[in-house]
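Peer 1: Sequence plus predicted model, see below.
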Amino acid sequence: VPTIACVQNAAIGGGFGFMAACDFRLTHPEAKIGYPPVATGLSPALMAPWLMRIVGPARARAMLLRGGTISGQVAFDAGIATGLHPVTTLPEESVTLAQHLAQGGPHAMRAMKRFLNELDGSDEDGMLDRAARVSADVIAHPETQARLRERFGDNRGG
């Protein structure tokens with residue numbers, strides 16, 4: 001089943017990851033999109049494979065290692081967003097796209113998506129497991145823990 005992300009305000013951190021994993025990514029020019037948590041020491045490993053497929057390795061590296069946010073317009077120009085609409089019509093455009101996709105034959109749609117995933121490596125065995133391991137290792141590292149405490153305080157209770 002094709003997936004649709006409709007970014008009305010922002011897709012930051014994990015929201016950017018969910019957006020990148022979708023087949024269709026609709027937004028508006030002023031939306032904020034990106035992965036600033038790199039500054040706190042968190043890892044974007046779970047979303048990296050999708051972003052690399054969308055924008056290519058060089059641009060994905062620059063975005064993920066630098067961190068920060070971009071506008072919806074820049075995301076569209078870079079190919080991250082597949083549709084750019086005024087904020088006032090964005091929800092309606094998303095529904096229209098979903099209705100259009102629903103008209104397709106379910107078997108043909110599943111077969112095509114499976115084939116596309118094979119072509120771009122999205123279904124590679126173990127990719128998500130490896131990405132989750134990298135993220136977990138980074139989160140558990142003392143440096144990351146110190147950065148998180150510095151930024152958000154020590155809320156371990158006690």
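Peer 2: Nice, thanks for sending it over.

Peer 1: any weak-confidence spans in the protein?
Peer 2: Counting by pLDDT under 70, the chain shows low-confidence ranges at 37, 39, 123-125, 155-158.

Peer 1: again, only using 50
Peer 2: Within the chain, not a single segment meets pLDDT under 50.

Peer 1: Which parts of it are strands?
Peer 2: For the chain, applying DSSP state E gives strands covering 4-7, 10-12, 24-27, 32-34, 69-71, 83-84.

Peer 1: how about those in CSV, adding distance to residue 54 and mean neighbour count?
Peer 2: Where you see a C-beta, it was placed from the backbone N, CA and C, and this is true even at glycine. CSV is the format used below for these (distance: least, CB to CB, whole Å; neighbours: other CB atoms under 10 Å):
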stretch, distance to residue 54, mean neighbour count
strand 4-7, 12, 21
strand 10-12, 13, 20
strand 24-27, 8, 24
strand 32-34, 12, 23
strand 69-71, 13, 18
strand 83-84, 14, 18
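
Peer 1: what about these, which gets the closest to residue 153?
Peer 2: strand 10-12 (20.3 Å; CB to CB).

Peer 1: how about residue 10, what does it touch?
Peer 2: Listed by CB atoms under 8 Å, 6 or more residues apart in numbering, the contact set of residue 10 reads 31-33, 69.
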